[in-house]
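S.K.: Just a sequence and a predicted model for now, questions to come.
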Amino acid sequence: MIKFILIVNKQGQTRLSRYYERLEIQKKTVLESEVIKLCLSRSKDQCSFVEYRDFKLVYRQYAALYIIVGVDESENEMAVFELIHNFVEVLDKYFSRVIMFNLDKVHIILDEMVLNGCAVETNKNRILAPLLVLDKVGSG
Amino acid sequence: MASVPSVLLTSCAPGFSEESLVARIIGTEQLPALPQDVDQVRRYPWRIDNKYYSADVNICVVPSTAQVTTPLAETIQAFVIYFDSTVKSGLEKVSLWLPFLEDWLLDVMILVCERTSDTGVSRQTAQEWCIKHGFELVELDPEELPDEDDDFPESTGVTRIIQALNANVWSNVEMKSEQAFGIFSSLASMNHVPENSEDLHGDILVSSEGSPEDAAEQGRGSASHCNSQVDTIVDPLMDLDIRELASLTSGDGDLENFSRLFTKLQEMKDKAASLPHEQRKLHAEKVAKAFWMAIGGDQDEIEGLSSGEEN
């Protein structure tokens, strides 16, 4: 099961966080700062899978953003690694690179892809379909 | 002046020309010659303009912490500091700024050097320092160039500084196309349907072009048009319902309208329940189509789905 997904910039600021398990806000803050420090301090040659507390972190860096996913032991790291890339490809397809002012849409995309801690959709067209309908309505 | 946000740019490496970095950020060959302010702050105006917004900021170059006055401090929204990475103590002078930064709580803090050096401040040391203090490390002349095969290459040097500054939300930012998001605003802005839809679906959906009266009028026109073709299968009252449904979704789109939409749907469902089987199906189809069109669905997708009432 996926426990959480974070998008973090190079200055270690969380740009987006999504939790699939209830956690108190304070604990989230601590968890995020620990996880971010752990992942950002690793060099590029190091493995993208890290053990942390009782779960595993899978992260990937894309330009100035890190996407970090926390999963439990039942999840396959490689599958999560690919899921991250899939997610980024979808974002790239939709946004062409810059997403800072459209975080709501990133959430919509993420919700199409991951539900309740499980990957539910990986087809890019199907993921984007609802969003494109909304856009169409929005632009008249 | 006070309302213009500032990027504070400083150096703690002797001999580094802040102006050359400023020029590269702004993207000009020659900086406008500025009379040195009495307070030793050199301000260079910079207009940030990207696909999302434009904003006017000042890049303020100061020699040291001493020149940072309260009025200046209030405008600071980003911090760029250059340090000498060739000596081991390079980061010590940067640390003089930390107490200030703790007060300012900036979103963008960038630690710049030419290139990290193993004999002075190593990449590892600089990186750890950055993570600890919430900075981002940017090397102007990094040793490793980004992998060409990478689809999402990391930008480096001045390019990255500019990117990071662009990614800040400045207090005076002017957004380009103020796009409305969310279902309500989406519905609200749904003010027209494709022109040809009236021919094909005139009987099921007349959306408003302008005032409600307009819509009603159009509706009456097409109602007779439809009735002549589809006989009296749909009673006029039902037709009216469908039209109201369409106008509800395309109207002002406020919360009240939205809940009315559901009440309306329920009413229509109840009414349809009393119809004979065949008519009920036909009615359901019309409602579905009307709804589909009202939420901006693609006409192509419902074309040909009709159960035999095509012209």
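M.R.: Structure's in. What do you need?

S.K.: hey, where'd the strands end up in the stretch 51-200 of chain B?
M.R.: B:53-62, B:76-82, B:108-113, B:136-139, B:174-175 (DSSP state E, counting those that start in this stretch).

S.K.: so which of those is the most packed in?
M.R.: strand B:108-113 (a mean of 24; mean count of other CB atoms under 10 Å in any protein chain shown). (Glycine included, C-beta is placed from N, CA and C.)

S.K.: is any part of it close to chain A?
M.R.: Yes: using CB under 8 Å from any CB of the partner chain, a contact is recorded between strand B:108-113 and chain A, made by B:108, B:109.

S.K.: Out of the strands of the stretch 51-200 of chain B, which is closest to residue B:157?
M.R.: strand B:136-139 (6.8 Å; CB to CB).

S.K.: among the strands of the stretch 51-200 of chain B, which is nearest residue A:69?
M.R.: It's strand B:136-139; of those, that one is closest to residue A:69 (CB to CB) at 22.1 Å.

S.K.: The closest one packs against which elements?
M.R.: Where contact means 3 or more CB pairs under 8 Å, 6 or more residues apart in numbering or on different chains; DSSP states H and E, strand B:136-139 is packed against strand B:108-113, helix B:123-133, helix B:157-166.

S.K.: Can you tell me which of these is most buried?
M.R.: It is strand B:108-113: most buried of the helices and strands packed on strand B:136-139 by mean count of other CB under 10 Å, with a mean of 24.

S.K.: Can you list the strands that that one pairs with?
M.R.: strand B:76-82 (parallel), strand B:136-139 (parallel) (DSSP bridges).

S.K.: related to what we said a few turns ago, any idea which of the strands of the stretch 51-200 of chain B scores lowest on pLDDT?
M.R.: Ranked by mean pLDDT, the strands of the stretch 51-200 of chain B bottom out at strand B:174-175, which scores a mean of 86.

S.K.: what residues does that strand touch?
M.R.: A:101, B:52, B:53, B:54, B:55 (CB atoms under 8 Å, 6 or more residues apart in numbering or on different chains).

S.K.: Partner strands of it, with direction?
M.R.: Assessed with DSSP bridges, strand B:174-175 is paired to strand B:53-62 (antiparallel).

S.K.: between the strand it pairs with and helix B:157-166, how many degrees?
M.R.: Relative orientation of strand B:53-62 versus helix B:157-166 (axes from the mean of the first three to the mean of the last three CA atoms, to 10 degrees): 120 degrees.

S.K.: The helix or strand encompassing residue A:111 packs against which elements?
M.R.: Assigned by DSSP states H and E, residue A:111 falls within helix A:103-113. Judged by 3+ CB pairs under 8 Å, 6+ apart, the packing partners of helix A:103-113 are strand A:14-19, helix A:77-95, helix A:124-139.

S.K.: Identify each buried residue in the second one, please.
M.R.: Pointing back at helix A:77-95 there. A:77, A:80, A:81, A:83, A:84, A:86, A:87, A:88, A:90, A:91, A:94 (16 or more other CB atoms under 10 Å in any protein chain shown).

S.K.: wait, what's in contact with the first one?
M.R.: With CB under 8 Å, 6+ apart as the criterion, the residues that contact residue A:77 are A:49, A:56, A:58, A:71.
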